[in-house]
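Peer 1: Take this sequence and fold it.
(one chain, ligands or ions: 3)
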Amino acid sequence: MSPRAILVGSPGAGKTSTGEALAARLGVAFRDTDADIEATAGKPIPEIFLDEGEQHFRVLERAAVATAVSDFDGVLALGGGAILAEDNRTALAGHQVVHLVVSLGEAVKRVGLSSGRPLLAINPRATLKYLLDQRIPLYESVATITVETDGRTPEEVADEIVALLKP
Ligand SMILES: Nc1ncnc2c1ncn2[C@@H]1O[C@H](COP(=O)(O)OP(=O)(O)OP(=O)(O)O)[C@@H](O)[C@H]1O
Ligand SMILES: O=C(O)C1=C[C@@H](O)[C@@H](O)[C@H](O)C1
Ligand SMILES: [Mg+2]
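Peer 2: Ligands and ions are numbered 1, 2, ... in the order given. Sure, this is the predicted structure:
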């Protein structure tokens, strides 16, 4: 079993919102590893970061990615930092992986001072710039499809992905 598409990209790229739109277009289920991790841990991601720290979150994330990539055949969204782990990048090989590209300015507008994103709780512009600089090469290294999201709705982005996906 293999996901129809796996979405990667920065916080605010729209992995969750575009992923839900894409799954609806394809008539398949949507799954988000962030939600899987919260279900396993029994608490929201900010609480995992506060109680056990980011390292522990990344352990849970590697397990969530390995399970979802091998057990699921719908549209799968990964957390924004999942590609940092080599294990996760290796797990993506051979799959249709979509990089949702977002500019720094647009990502800052979409994410704002959001309480649900522990890494961005303080100074989101500087933090997002750091994350993007570090991660863009990694997103590019795993992607088989790249789509721009600035100035487009999640539904418009989903339509482009449908046209680019191999059957
Ligand atoms: N193409 C888009 N145009 C405008 N707003 C968007 C677009 N995609 C997402 N958004 C908005 O940006 C915010 C972040 O989107 P979303 O939660 O889907 O991003 P994400 O990539 O899943 O982020 P994270 O990595 O933090 O889970 C939401 O408020 C969403 O409504
Ligand atoms: O960019 C990141 O490192 C993260 C993004 C979110 O999707 C969550 O996976 C978590 O908040 C960490
Ligand atoms: Mg998300």
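Peer 1: Residues of the protein that sit close to ligand 2?
Peer 2: With the criterion set to Cβ under 6 Å from any ligand atom, the chain comes near ligand 2 through 11, 34, 45, 79-81, 117-119. Yep, even glycine has a C-beta here, placed from its N, CA and C like the rest.
Peer 1: which of those sit farthest apart?
Peer 2: Based on Cβ to Cβ, the longest span within the residues of the chain next to ligand 2 runs between 34 and 119 and measures 12.3 Å.
Peer 1: between these two, which one's more packed in?
Peer 2: Neighbour count, other Cβ atoms under 10 Å: between residue 34 and residue 119, residue 34 has more, with 21 against 17.
Peer 1: Just the element for the more buried one, please.
Peer 2: Assigned by DSSP states H and E, residue 34 belongs to helix 33-41.
Peer 1: any residue of that helix up close to ligand 3?
Peer 2: No. Helix 33-41 does not reach ligand 3 (Cβ under 5 Å from the ion); its nearest approach is 5.6 Å.
Peer 1: what's the neighbour count on the nearest residue to residue 89 once chain neighbours are set aside?
Peer 2: Sequence neighbours aside, residue 142 is the residue nearest to residue 89 in space, at 5.4 Å (criterion: Cβ to Cβ, 6 or more residues apart in numbering). Around residue 142 there are 21 other residues, counting by other Cβ under 10 Å.
Peer 1: you'd agree residue 142 is up against residue 82?
Peer 2: No. Judged on Cβ atoms under 8 Å, residue 142 makes no contact with residue 82 at a distance of 9.6 Å.
Peer 1: quick one: common contacting residues for the two?
Peer 2: Common contacts of residue 142 and residue 82 (Cβ atoms under 8 Å, 6 or more residues apart in numbering): residue 8.
Peer 1: In JSON lines: the residues of the chain next to ligand 2, plus pLDDT and secondary structure.
Peer 2: Formatted as JSON lines, the residues of the chain next to ligand 2 follow (pLDDT from 0 to 100; DSSP: H, G, I helix; E, B strand; the rest coil):
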{"residue": "11", "pLDDT": "94", "secondary structure": "coil"}
{"residue": "34", "pLDDT": "97", "secondary structure": "helix"}
{"residue": "45", "pLDDT": "96", "secondary structure": "helix"}
{"residue": "79", "pLDDT": "97", "secondary structure": "coil"}
{"residue": "80", "pLDDT": "97", "secondary structure": "coil"}
{"residue": "81", "pLDDT": "98", "secondary structure": "coil"}
{"residue": "117", "pLDDT": "84", "secondary structure": "coil"}
{"residue": "118", "pLDDT": "83", "secondary structure": "helix"}
{"residue": "119", "pLDDT": "86", "secondary structure": "helix"}
